[in-house]
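[1] Build me a model from this:
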Amino acid sequence: MTQTSYTAEEIRQKVYSVVFEVSGIETSKLDDKLTVNDDIAPRSLDRVTLFMALEDEFSTSVAEEELQDIVTLGDLIKYVERKAGISPD
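    Below is the predicted model:
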């Protein structure tokens, strides 16, 4: 990530915004328990688009081997927080 500092809430809102742009799911309906592969991005192209959009939004890269640990939207948010240097609660 770049030197930009984000709060945990800013990260959550930015991830929600990216998820909405990729999936069309209204941010008010997003929940940490939604699964990335089934609920948010069921097609592999959707997943690629999602992770590319997150890379652009947060000026970072997502290693393919790290993707296997991201199952839910909550996992995705925690992953971005770790990349940003924010410790999980």
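[2] Which of the helices or strands spans the closest residue to A53 other than its chain neighbours?
    Nearest residue to A53 in three dimensions, chain neighbours excluded: V18, at 4.8 Å (CB to CB, 6 or more residues apart in numbering). Every residue, glycine included, has its C-beta placed from N, CA and C. Secondary structure assignment for V18, by DSSP states H and E: helix 8-23.
[3] Check the offset of the helix or strand of the chain with the lowest mean pLDDT from the chain's centre.
    The helix or strand of the chain with the poorest confidence is helix 64-67; it has a mean of 86 (mean pLDDT, DSSP states H and E). On the basis of CA atoms, centre = their mean, to the nearest Å, helix 64-67 sits 13 Å off its chain's mean C-alpha point.
[4] from memory A41 sits against M52, does it?
    No - if you go by CB atoms under 8 Å, A41 and M52 don't touch, sitting 11.3 Å apart.
[5] Looking at these two now, which is surrounded by more residues?
    A41 (19 against 13; other CB atoms under 10 Å).
[6] before we move on, back to that, mind checking what helix or strand follows the least confident helix or strand of the chain in sequence?
    Immediately after helix 64-67, counting by DSSP H and E, sits helix 73-84.
[7] Can you spell out which helices and strands pack onto that following helix?
    helix 8-23, helix 44-58 (3 or more CB pairs under 8 Å, 6 or more residues apart in numbering; DSSP states H and E).
[8] hmm, 10 Å instead?
    With contacts taken as 3 or more CB pairs under 10 Å, 6 or more residues apart in numbering; DSSP states H and E, helix 73-84 sits against helix 8-23, helix 44-58, helix 64-67.
[9] Measure how buried the closest residue to E21 other than its chain neighbours is and give me the count.
    Spatial nearest neighbour of E21, excluding adjacent residues (CB to CB, 6+ apart): A53 at 6.4 Å. By other CB under 10 Å, 16 other residues sit near A53.
[10] so what's A53 up against?
    Shown in contact with A53 (CB atoms under 10 Å, 6 or more residues apart in numbering): 15, 17-19, 21-22.
[11] And the helix holding V18, what does it pack against?
    helix 44-58, helix 73-84.
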